[in-house]
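1. no sequence for this one, just the structure:
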C-alpha cells in the first residue's frame, strides 16, 4: 500500500469510478472484446477523465 | 453453461458417428442415459473432458475405437472426433477436437496430428476463436479443475472426497470463486493490482515523466526491483509451504508405518534375548547331562550289586559256617611246626608222612586261608562298597529331571522363537522408514530455515521499498505532471482497496451462503448430527455433533463423501443460479451463470432412500441434468425423475468394441 | 583271573563299542567311559537278569581291555566274581558255593566257574545294549534310556532295601 496522505481523494468520484469499473469488467467478461492490456488502458482513461472533471 | 448436444466419431466404444442431444427445457431439464456397466457410460462422460481438455482418466490413452483400429490397413488414416455444442454467456459455441490415427509400416498404431477448435455464432456468422486464445476461453467456459465436479464421476469418488476435504490448489478456490460470480471483482483487482507491473498503478509508475527527473526513474526502477524480489520471495514462500505440507504428510505417513512396524524392532530384540537364553539353557542342560553320566559311571557296581550284597550277607549270616579252622592257629604256626619237624603233640613231622599231610590239609582252614578270614574280608569289602554306593538312582533321577526341565524350557523358548519368526515375516523392517523419516524431518528443518531467512529478507525489502516510494512521491510532488500521476494512482489505489474489502465481504457472505446451502442439501440426504464447514480455501470439513453438542472431525464413509460432493456442487449451482436471477444491484455485480450437472452413475453407492432424495433435490437445483444410470438403478430413477425427464437414451452394447446410442 | 588282556568279539564287540561311543557334542557324552567300565558292571547285570551268553564269532569285530586296566581293578572284579559265585545256582549247596567263591578263587583248574562268569559278562553286555541302546520304543535318547533302565532296575531289585539294613547285616555277619 502506498502512502498517499499528501493527496486528497474525492470519495464520490472514486465510488463512481468503481461502479463504472465493475460494469466494464462484467461487460468485457461477456464480450471478451478487450484483453488485459486494453482494459488497463481503458481504466486509466476513465480515472484520468474523472479526475479532470469538476 | 448449457449443453446442447454431443457428436462422437469413432470415440472408444462408439463406432462410427453417434450423437445425443440434451434436454434444455426449463421444466423437463433431465436427460437420462441408461446402460449397464461396460456399455460405455464412463467413456461417454470422458468424451466431454476429452473434447474440452484433451485428456482423460483412462490408462489407455488411445481414443480410437478398437474395431476400427483392428481393421486399419497400413498407411491408412482414420480420425476420432468429438463435437460439443453448448451455450455459455449467451454465446453459442461449437467445440471440436479431433485426433488422427494411422497404422505405420511396422503395423503399429500411431497418433498423428490433433486439432482443437472453438467456434461461435456472431451476427449470423461462424467465427473461430484464435488458436492462441482457445486455452483461456476454455478456462473461462469451464476450468478443468472444476470440470470433475460437473462431469461427475461418482465411481471414482474416493479421490475426490479426499481432495475436497484436504484442500488442493489455489486454482480450485479461484475457479470456485469464478463460478460464484466474483469474476468481475477478480478481474478488476487484477487490473488494478498495485504490485503488478502491467496493472494500472504499475503502468502509472512507468509513465512518470523521465525527462523531468531522471532520479524519479531511478527510484521507479529500484522500487520495481524490490517489488520483483518481493514477488519471487512470496512465490518461493508458497512453494516452501507446499513442500512443507507435503513433507509433513510424508512424515505422518512414515511415522504411522513405523509405529505399525515398530513391532518388528521389538520382536527382533526379543528374538535376540531368546537366542541367548536358549544358548545358556543348552549349556546348562549339557552340564547336567555330564553330571548324570558322571554319576552313572562313578562306581556303579556298588549300586547295581546292592541286592546281591544283601542276599550274600543274608546267606552268610544265616548259615552256620563250619569253620574247620583251629582257633588261634595261623599258617605261620603250621609252617613253623613243619619246619621244626615236631608237632605240638610231639609227633614227628617228615615230608610226606601222615602228620605232614594232615598239617598241610589244615593249612586250608587256617588263617590267612581260613574261610572265616576270607569271609570277613568279603564282608568288609561289602561294607566299603555299600558306603560308597551312595544314591545312584536318586542322583540320576534328580539330574534327569533337571535335564528334562531344561529341555522343556528350551523347547518352549524355541516355540516362542518360531512364533516370533512367523510374526517377523509379516513385519517390515522399519530401518528404511526411519531413514526416510529423518530425511524428511531434515528437509522440513531446512525449509523452515529458508522460510525464516526469506521472511527476514522480505521485511528488509518491504522497508526499503516503502522508503523509496515515500522518497519518490516526495520528488514527484514537486513536478506538476508527475503530481497528476500521483493523483491518478491514489484513485486507483483507493478503488483497489475498496474492491478488496468489498470482495472479501462478498466472498465471505457467499461462502457462508454456500456453507448453509450445502448443509441444507446434505442434511436432506443424510440426516443425523453431521454438519459441514467450508474454510477460506473452500476445503470442506465434516463435523460430527455428539449428544453433548461437541463437534469433532471425522473421516467420511463412501456414501458420506458422495453426499458431501453432491451437496457441494448443488450448493454452488444453486448460488450461481441465484446470482443470475437476482435483480438486486449488489448481486448483479456478482454475475455468473448456471451450469449443468453431468452425473456418471453415482447412485450405485447410495441406498434406495437416498436415491429418492437425490432425485427429488437435483432437478430443482441444476438448470440441466444429464444422468447416467445402470439398469438396476433405472426403475427407481424413472419412478422419481419421470416427470422431469426430457430426453431418454440407452447404450446398446453390441459387443466389446461397439456400443450404439439409442434414443428411447 | 583278571590278570590278562580281555577281548570282546563279534556282536558283543559291536555292542561294547556302541556303549562306549560318544553320542553327544561333548567328548564326555558317553554312556560308559571305557570298555572296562562295561566289563565291571556287566556280570552283575547279567546275573540279576539271568542272562548268559557265549562268545560270538560271527564277525571279525573286536575290542579289548588292556591288562594294566584289569589289574588296576582287581579288587572290584574279584569282589563281583565272589558275589556271583556265592549266589549262583541256589540248587548248589552252600558249602560248594562258598568254595567256588572263596576257596577256589584263582585256581587254574577253575575253568568252569570262569566260563560261567564270562557268560554272565556277555549276557550283561547284551542286556545293557538292549536296554540302553536298542530300547523297544526306538528312543534315540540315551539319557532317557539310562534313566528308564535305572528306574526299572531300582524298582525291581533295589526298591526295598535300605543301606542301613545292609550295614546291620554286615555287623551280624562279622560275628
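-> Okay, I see it. The structure displayed is predicted, hence computed values, not measured ones.
2. Test for you: state the pLDDT assigned to the most centrally placed residue in chain A.
-> Centroid-nearest residue in chain A, with C-alpha atoms, centre = their mean: residue A:43, separated by 4.2 Å. Looking at residue A:43, its pLDDT reads 90.
3. now do residue B:430
-> At residue B:430, pLDDT is 70.
4. Do I have it right that it meets residue B:268?
-> No - Residue B:430 is not in contact with residue B:268 according to C-beta atoms under 8 Å; the separation is 9.8 Å. Any C-beta I mention is one placed from the backbone N, CA and C, and that applies to glycine too.
5. Of those two, which one has the most company?
-> Neighbours were counted for residue B:430 and for residue B:268 using other C-beta atoms under 10 Å in any protein chain shown; residue B:430 has more, 20 against 14.
6. Identify the residue spatially nearest to the closest residue to chain A within the stretch 251-400 of chain B, adjacent ones excluded.
-> Ranked by C-beta to the nearest C-beta, the top residue of the stretch 251-400 of chain B for proximity to chain A is residue B:251, at 38.0 Å. Nearest non-adjacent residue to residue B:251, counting by C-beta to C-beta, 6 or more residues apart in numbering or on different chains: residue B:440, 5.0 Å away.
7. Near chain B, which residues of chain A are found?
-> Proximity of chain A to chain B (C-beta under 8 Å from any C-beta of the partner chain) is limited to residues A:1-4, A:6-7, A:9, A:13-15, A:17-18, A:21-22, A:25-26, A:28-30, A:32, A:36-37, A:39-40, A:43-44, A:47-48, A:50-51.
8. Now that we have those, which of them are buried?
-> By neighbour count, with 16 or more other C-beta atoms under 10 Å in any protein chain shown, those hold A:2, A:4, A:7, A:14, A:17-18, A:21-22, A:25-26, A:28-29, A:39-40, A:43-44, A:47-48, A:50-51 as buried.
9. Pop the domain breakdown of chain C in here.
-> For chain C, automatic domain parsing gives the domain ranges C:6-134, C:139-175.
10. possible to save the ones you listed as TSV with mean neighbour count?
-> Converted to TSV, these look like this (neighbours: other C-beta atoms under 10 Å in any protein chain shown):
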stretch	mean neighbour count
domain C:6-134	18
domain C:139-175	16
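11. For residue B:195, find the nearest of those domains.
-> For residue B:195, the closest of those is domain C:6-134, at 84.4 Å, according to C-beta to C-beta.
12. Geometrically speaking, which residue is the centre of chain C?
-> residue C:42 (1.8 Å).
13. And it, how close does it get to residue B:40?
-> Using C-beta to C-beta, to the nearest Å, we find residue C:42 at a distance of 95 Å from residue B:40.
14. likewise residue A:16?
-> Counting by C-beta to C-beta - residue A:16 and residue B:40 are separated by 56 Å.
15. Would you mind naming the helix or strand containing the closest residue to residue C:54 other than its chain neighbours?
-> Spatial nearest neighbour of residue C:54, excluding adjacent residues (C-beta to C-beta, 6+ apart): residue C:119 at 6.3 Å. For residue C:119, the host element (DSSP states H and E) is helix C:111-128.
16. quick one: average pLDDT of that helix?
-> pLDDT averaged over helix C:111-128 gives 90.
17. Residues contacting that helix, please?
-> Residues outside helix C:111-128 that contact it (C-beta atoms under 8 Å, 6 or more residues apart in numbering or on different chains): C:1, C:8, C:12, C:15-16, C:19, C:38-39, C:41-47, C:49, C:51-56, C:81, C:84-85, C:88, C:100, C:104, C:149.
18. What of stretch B:334-342?
-> Contacts of stretch B:334-342 (C-beta under 8 Å, 6+ apart): B:343, B:344, B:348, B:349, B:350, B:356, B:359, B:360, B:362, B:363, B:366.
19. ok, back up a step: how about the residue nearest to the centre of chain C, what does it touch?
-> Taking C-beta under 8 Å, 6+ apart as the criterion, residue C:42 is in contact with C:120, C:121, C:122, C:123, C:124, C:125, C:128.
20. can you do 6 Å?
-> C:121, C:124, C:125 (C-beta atoms under 6 Å, 6 or more residues apart in numbering or on different chains).
21. so how far is residue B:314 from the last one?
-> Counting by C-beta to C-beta, the separation of residue C:125 from residue B:314 is 28 Å.
22. Then the first one?
-> Taking C-beta to C-beta as the measure, residue C:121 and residue B:314 are separated by 25 Å.
23. Helices of chain A, residue ranges please.
-> Assigned by DSSP state H, chain A shows helices spanning A:11-31, A:36-52.
24. can you check chain C too?
-> According to DSSP H, the helices that chain C contains are C:10-19, C:35-48, C:67-72, C:74-87, C:94-98, C:111-128, C:142-153, C:163-174.
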